[in-house]
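Novice: need a 3D model of the sequence below.
(4 chains)
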4 protein chains.
Amino acid sequence: MAIEGKDDIYSGRIRLGMVGGGSGAFIGGVHRMVSRLDDHYTFVAGALSSTPEKALASGKELGLDPERTYGSYEEMAEKEAAREDGIEAVAIVTPNHMHFGPAKAFLEKGIHVICDKPVTSSLEEAKALKAIADKADALFILTHNYTGYPMIRQARAMIENGDLGDIRLIHAEYPQDWLTEPAERSGSKQAEWRTDPKRSGAGGAIGDIGTHALNLALFVSGAELESLAADLDSFVEGRQLDDNAHIMLRFKEKNGVTPKGMLWASQVAPGFENGLQIKICGTKGGIQWAQENPNYLWYTPFGEPKRLLSRNGPGALDASTRVSRIPAGHPEGYLEGFANIYTEAARAIKAFRDGKTADDVIYPTIEDGVIGLAFIEACVASSKADGKWVRLDV
Amino acid sequence: MAIEGKDDIYSGRIRLGMVGGGSGAFIGGVHRMVSRLDDHYTFVAGALSSTPEKALASGKELGLDPERTYGSYEEMAEKEAAREDGIEAVAIVTPNHMHFGPAKAFLEKGIHVICDKPVTSSLEEAKALKAIADKADALFILTHNYTGYPMIRQARAMIENGDLGDIRLIHAEYPQDWLTEPAERSGSKQAEWRTDPKRSGAGGAIGDIGTHALNLALFVSGAELESLAADLDSFVEGRQLDDNAHIMLRFKEKNGVTPKGMLWASQVAPGFENGLQIKICGTKGGIQWAQENPNYLWYTPFGEPKRLLSRNGPGALDASTRVSRIPAGHPEGYLEGFANIYTEAARAIKAFRDGKTADDVIYPTIEDGVIGLAFIEACVASSKADGKWVRLDV
Amino acid sequence: MAIEGKDDIYSGRIRLGMVGGGSGAFIGGVHRMVSRLDDHYTFVAGALSSTPEKALASGKELGLDPERTYGSYEEMAEKEAAREDGIEAVAIVTPNHMHFGPAKAFLEKGIHVICDKPVTSSLEEAKALKAIADKADALFILTHNYTGYPMIRQARAMIENGDLGDIRLIHAEYPQDWLTEPAERSGSKQAEWRTDPKRSGAGGAIGDIGTHALNLALFVSGAELESLAADLDSFVEGRQLDDNAHIMLRFKEKNGVTPKGMLWASQVAPGFENGLQIKICGTKGGIQWAQENPNYLWYTPFGEPKRLLSRNGPGALDASTRVSRIPAGHPEGYLEGFANIYTEAARAIKAFRDGKTADDVIYPTIEDGVIGLAFIEACVASSKADGKWVRLDV
Amino acid sequence: MAIEGKDDIYSGRIRLGMVGGGSGAFIGGVHRMVSRLDDHYTFVAGALSSTPEKALASGKELGLDPERTYGSYEEMAEKEAAREDGIEAVAIVTPNHMHFGPAKAFLEKGIHVICDKPVTSSLEEAKALKAIADKADALFILTHNYTGYPMIRQARAMIENGDLGDIRLIHAEYPQDWLTEPAERSGSKQAEWRTDPKRSGAGGAIGDIGTHALNLALFVSGAELESLAADLDSFVEGRQLDDNAHIMLRFKEKNGVTPKGMLWASQVAPGFENGLQIKICGTKGGIQWAQENPNYLWYTPFGEPKRLLSRNGPGALDASTRVSRIPAGHPEGYLEGFANIYTEAARAIKAFRDGKTADDVIYPTIEDGVIGLAFIEACVASSKADGKWVRLDV
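Specialist: Here you go, the predicted structure:
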């Protein structure tokens, strides 16, 4: 059942570099752990920090060859592209404003990019990056990691199969509580850059977690967002970006039904740690899923008893079992879901090596990134216009 | 612990009549059951149906004296007011368009009115009824029954006590699935009148259940609704009233904080039976409560572990224990919560008999009814104006 | 859906008396509430306390005619039997050692008995009472109230229908925490008599709650208990009766399968309020039910996804809907489940009035009472014999 | 928060070999994944199958140097011990009867052993292995992986701190359903060896999962098992080992309290996938934990509201945060818990390299293995003696 058994994983590990993710950075460590889980990658180079000294120290701590510990991403792109054993892929795990530069640099060298979300700090940049990615001789993978959860894949496949009928309602919520108080003024680096428009762009909660919620809702439902009406707040005094967002959604008509939705993203909601949830209802049934207990999916065919599907349990479709490692009842978590993005990327990269396309592979792309930025900018525009409906500019 | 022990309940049962609620009506039976639970009432008269024959048959079936089984509420008001042993209170359990008439008739005779919600079928009528109630020599009780749940009382008291700090976020949702298909065209009487603007007024889901969700959110949070932006839909073809409502809320500023909220009401959401939930977050903590498992309240003081408070369990305040009957771990349900409205009303009516006011008694009133209708009309107006923010006209 | 609609309930309410249940007694108040819920009974007489003065005061408080407020059950049986409008049924809600006397007295007068559990304080008495009940011209109903929960009825019917195949495993647990400390020495009357062998008999936790757990397990599974091995403890120093019981169970062979089980009853288990649960597994499926959230039943057909059945929801059988009052999603609780015992009893009593038998009516009887006492005595005997398997003496 | 940041992990990865775990084996793949997660190990050698050809094929598939892919563990121990870059540790993931031989061989060569449970297939062997391990110049780690879950570490630390007072009750259950039907006769290799006494030893469910449940109960509670009374069954016809076990437990007296417990292990319980749970109650409080949602721990101080502690959330002790990787609300699962055993082992092995002892490191040892086998043999003996209490022979 192991993914091990599903892939010819030892056809050669992918040489991986990293931009950002020096000591103390949360998400860099996550990327490294999940890249190891299924053994598709070997981590060999990094530009881990914005200051050369820290970069060197971090590289040493992580066991990198000092020669491949770079002081800047420009240098890294240049030198790694020139090596015979240079990196084939790079993970970009810097704050949002530092995505575009490295992504462009590596893509243009033909090095695959695995980039954190939101893809850039403005829609303009996102579109520019899309243009670059479209013509690059390399893949672009966006780590909307929640789409890697097996039961999310299961839900998506069930909806594709028509188990819910035509979709009417798409609800997503993503409450957290960690910015309830002004953590950005008491030394939290995570809080500092996430509440700083210079580094995060126009979106606070909507960028950091709202884009995840939207991406998940679109991924599972297969719907396309048409327009939205938003009411953004910064509840903590002096905070420059939104820490709470209430959003109404309208999707594109499909089979005569125009789905509607709501999205709530908050970082000031005590009682919620990482409370991402989705609820999707159609003419024939509904599903519910919550990230904090991700191995289970509620599915209710209209007029029948509710069913609790479990990962790799009875009723599991190939779409979910192909990204599962262990039997039902043995919980997989956030790292395994995230690892599925890396493993799907590895499948695509290995196919790419061979001049092939990995057709069954699913991962978020630059298109998702553009939608995310269009969403952020539409939210800000709508909220400024007192909640007027704003169409997504994609 | 029994409410029995909390009241001098045998100072004389209250003579109760009923308008509507003949055979086969759901809510009439509920009112009768809950009026019996704590033994404050004795059911003695009724105008149970719009046709005299059915009224008589229903009265017989329910054990009423045929002499006190009336063919119309007008006759009932007249004759009961004239009897020495006439009813002291009347329950009005007809469809919405049939609330105003009987409420007026009984109030003007000095008979207390216990009325189903929404209080009328238009805001104009609601305000007119308020004027009548304000000068009547009788009490007006509105059965927003969910405010009777002990843990709802607990949550309200905790917020009043400041346990959550200043309130920032108020989320209410009330999804159901019973109108997913056009039940109103396959013989369901409940579905027929609830989707008929002539009998229900301007609101479908927003009237039937949205008003409950709003009332509960206001009751618990202590906030006042200022304006809303709504997106209403009738997903089932041919349905004349909304069956799904997405609403953003803005409340009045308090202590420098302007709370925001969202409200979702749906009758086309497979997977949800009677899924009323509230989530309220403040500067110091948050609470969560779900109607389908009502004996428990989640409470999270910011920065501390979540706590699951149970009805009559450790930490229960007087506000909740005074409306509880049995020990923690022994679940009370919908009927007990509803009965609390009747019992609180009985306390008030008995005090009224003695020329007193029952100060600690809490029940929904005509003011709540006016807010409910203002909410319905604001939702309709906002939705027609493409989600423009509309102020509540109260 | 109301039970109202299911019965000709107004063919005449049953005149009910009560022995025990004076002011401050928990279970007496419960019996009165639940007897009112479906309006089958009218409470008219009582011997509410062991001291005539208290009895009179309690009767007054409860609105009884002073003439029908008796100083002793003997007097009450005598006088009520002699009245034309005398009681037809009596509820016995005294401590265990005071069940036999009144039960015998009323049965012998042809008055139906609704008696609290365990039925007596010794097996010998229970068998003697069975002999009396068997020849009495009156019914005997034992209030193992948990068998009244609709989803328990549902589970029983599903097992009868063969949905679980042949039963292999029967697990019941009933942990509580209220006797974790020596409450009997700090003024709790409930704790005093329940830990006093003179009033409770040989069983502490096994009598008070263990008998409920066993009764429920047998009721749902349809199995018969053959023998048990028990390990009883009194964890609180100085306590004379068990406050924790670990028991292994062997049931009678059926279709070639000999079911086995475990039962845990505890009153010293912090974290549990009234944690009665059952888990039953067969060759084709399994069920799980927990009293604290009683409107739901987990059902897993082997090899298929788990299903969460809800009271009156999809898949509900007549066995459960006939004892349900309100729609799915509107929780019923402990009182409604208990009321079902009274209502089933009323159906049987009304049939009895007419010289008929109510064939579809289900309630616990004197046979269940004898099994309960045999269980208690077997537990004590096994525990004294260091956990030797002891056969039930029924 | 990453374990990355907690260890000097790149002081040099530990060279790891594996015995067993060829293609298609479930647990071998798990060991490989979890050994990679925190990057303490590098997998370099294996005797992956009992047939040399399969061993070679599996080694190739897993990217091993063919020179280090051995046909037998004896050869592997010999040759690896002789290499300068030979393995420092070996994972033994064969069926139970094939643990003793390789464990002995590698320990005697001074190679650390990480061995699956139960440690051997008989108590005699377990004791013999203990004698070998005690004098070996190498560590012995037993993969009772459930003790690696952070909230299990949290619970253990809380009990050590006295938060629960003196322990009275220890309940463990481990129901599964995968052997409900005779899977061993329809081609499941997992089922075949687990129901075969030649390969599993005397225990079926009690060995495979009962030992896990017991180990976890002892680990968390800090109690020592003194004796047990067991009732074992093989519900599936023709099955040679137990597939269901009901066990009563008595622990050693501590502070004047003798804890009691129950343990249920089953592989024929439809509705349960991997339903390991523990409930522990003391004089001052209780805890509850369930493996299928492992990031949460219920904790109830007696007389206070229940609290739901989350991994890395408020109230988390160092004992749990030191084995956590990601923030609260981001679930870790089975693999992360299992990886903690490997990571703790790595800490110990690296300290060992330096001639030090890693004092704060916790992992299951050969002592736990001996207790496990003593438990299995006591269960079998007790069950044969009709449930007589049997003392553990440790």
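
Novice: A:Val113 against A:Ile141, yeah?
Specialist: Yes - counting by Cβ atoms under 8 Å, A:Val113 does reach A:Ile141; the two are 6.9 Å apart. (Each C-beta comes from the backbone N, C-alpha and C, glycine too.)

Novice: so which of the two has more stuff around it?
Specialist: Taking other Cβ atoms under 10 Å in any protein chain shown, A:Val113 and A:Ile141 do not tie; A:Val113 has more neighbours (28 against 23).

Novice: what about the strands in chain A?
Specialist: With strands called from DSSP state E, chain A shows them at A:14-19, A:41-47, A:89-92, A:112-115, A:140-142, A:167-175, A:225-233, A:244-251, A:260-266, A:277-282, A:285-290, A:296-301, A:306-310, A:390-391.

Novice: which residues does A:Thr143 contact?
Specialist: A:His31, A:Ile114, A:Cys115, A:Asp116, A:Lys117, A:Phe338, A:Ile341, A:Pro364 (Cβ atoms under 8 Å, 6 or more residues apart in numbering or on different chains).

Novice: do that again at 10 Å, thanks
Specialist: The contact partners of A:Thr143, taken as Cβ atoms under 10 Å, 6 or more residues apart in numbering or on different chains, are A:27, A:30-31, A:34, A:91-93, A:114-117, A:119, A:338, A:341-342, A:345, A:363-364.

Novice: how far away is it from chain B?
Specialist: 28 Å (Cβ to the nearest Cβ, to the nearest Å).

Novice: centre of the chain to the helix or strand of chain A with the lowest mean pLDDT, how far?
Specialist: Using mean pLDDT, DSSP states H and E, the weakest-scoring helix or strand in chain A turns out to be helix A:52-61, at a mean of 89. Centroid separation for helix A:52-61 versus its chain: 27 Å, with Cα atoms, centre = their mean, to the nearest Å.

Novice: do the same with stretch A:42-58
Specialist: From the chain centre to the centre of stretch A:42-58 is a distance of 23 Å (Cα atoms, centre = their mean).

Novice: what about that stretch, how long is it end to end?
Specialist: End-to-end distance for stretch A:42-58, by Cα to Cα, to the nearest Å: 17 Å.

Novice: so does it get close to chain D?
Specialist: Yes - applying Cβ under 10 Å from any Cβ of the partner chain, one finds that stretch A:42-58 is in contact with chain D at A:Phe43.

Novice: in that stretch, what's buried?
Specialist: For stretch A:42-58, burial by neighbour count (16 or more other Cβ atoms under 10 Å in any protein chain shown) applies to A:Phe43, A:Val44, A:Ala45, A:Gly46, A:Ala47, A:Leu48, A:Ser49, A:Ala55, A:Leu56, A:Ala57, A:Ser58.

Novice: next one: stretch A:103-110
Specialist: Residues A:Ala103, A:Lys104, A:Ala105, A:Phe106, A:Leu107, A:Lys109 are the ones in stretch A:103-110 that count as buried (16+ other Cβ under 10 Å).

Novice: residues in contact with that stretch?
Specialist: Stretch A:103-110 has contacts (Cβ under 10 Å, 6+ apart) with A:17, A:19, A:72-78, A:80-82, A:86-90, A:92, A:111-115, A:119-120, A:125, A:128-129, A:132-140, A:142, A:366, A:369.

Novice: give me the neighbour count for A:Ser72.
Specialist: Count around A:Ser72 with other Cβ under 10 Å applied: 16.

Novice: an error on my part: the question was meant for A:Gly162.
Specialist: For A:Gly162, using other Cβ under 10 Å, the count is 12.

Novice: burial of the nearest residue to it once chain neighbours are set aside, as a residue count?
Specialist: Nearest non-adjacent residue to A:Gly162, counting by Cβ to Cβ, 6 or more residues apart in numbering or on different chains: A:Lys284, 7.6 Å away. Look at A:Lys284: counted by other Cβ under 10 Å, it has 18 neighbours.

Novice: so A:Lys284 touches A:Val257, yeah?
Specialist: No - using Cβ atoms under 10 Å, A:Lys284 is not in contact with A:Val257, being 11.7 Å away.

Novice: where does chain A dip in pLDDT?
Specialist: Residue ranges of chain A with pLDDT under 70: A:1-11.

Novice: tell me the contacts of A:Val34?
Specialist: A:41, A:91, A:143, A:145, A:148, A:334-343, D:37.

Novice: re earlier: list only buried entries from the contacts of A:Thr143.
Specialist: Neighbour counting with 16+ other Cβ under 10 Å marks A:27, A:30-31, A:34, A:91-93, A:114-117, A:119, A:338, A:341-342, A:345, A:363-364 as buried within the contacts of A:Thr143.

Novice: just so I have it, where are all the helices in the stretch 51-200 of chain A?
Specialist: A:52-61, A:73-82, A:100-108, A:123-135, A:150-160, A:189-194, A:197-200 (DSSP state H, counting those that start in this stretch).

Novice: is the fifth one up against chain B anywhere?
Specialist: It stands for helix A:150-160. No - residues of helix A:150-160 are not located near chain B by Cβ under 10 Å from any Cβ, the shortest gap being 12.1 Å.

Novice: which of the residues in that helix are buried?
Specialist: A:Pro150, A:Met151, A:Ile152, A:Arg153, A:Gln154, A:Ala155, A:Arg156, A:Ala157, A:Met158, A:Ile159.

Novice: thinking again about what came up before, and the least confident helix or strand of chain A, what other elements does it pack with?
Specialist: When contacts are defined as 3 or more Cβ pairs under 10 Å, 6 or more residues apart in numbering or on different chains; DSSP states H and E, helix A:52-61 packs onto strand A:41-47.

Novice: up against chain D, what does the stretch 151-300 of chain A have?
Specialist: Counting by Cβ under 10 Å from any Cβ, the stretch 151-300 of chain A sits next to chain D at A:175-178, A:190, A:272-276, A:291-296.

Novice: run the last query once more with 8 Å
Specialist: Applying Cβ under 8 Å from any Cβ of the partner chain, we find that the stretch 151-300 of chain A lies next to chain D at A:Gln176, A:Phe272, A:Glu273, A:Asn274, A:Gly275, A:Gln291, A:Glu292, A:Asn293, A:Pro294, A:Asn295.

Novice: from these, pick the one nearest A:Phe251.
Specialist: Distance to A:Phe251 across those (Cβ to Cβ) is lowest for A:Gln291, with 21.8 Å.

Novice: got the contact list for that closest one?
Specialist: Counting by Cβ under 8 Å, 6+ apart, A:Gln291 touches A:Tyr146, A:Tyr149, A:Asn274, A:Gly275, A:Leu276, A:Gln277, A:Tyr334, D:Gly329, D:Pro331.
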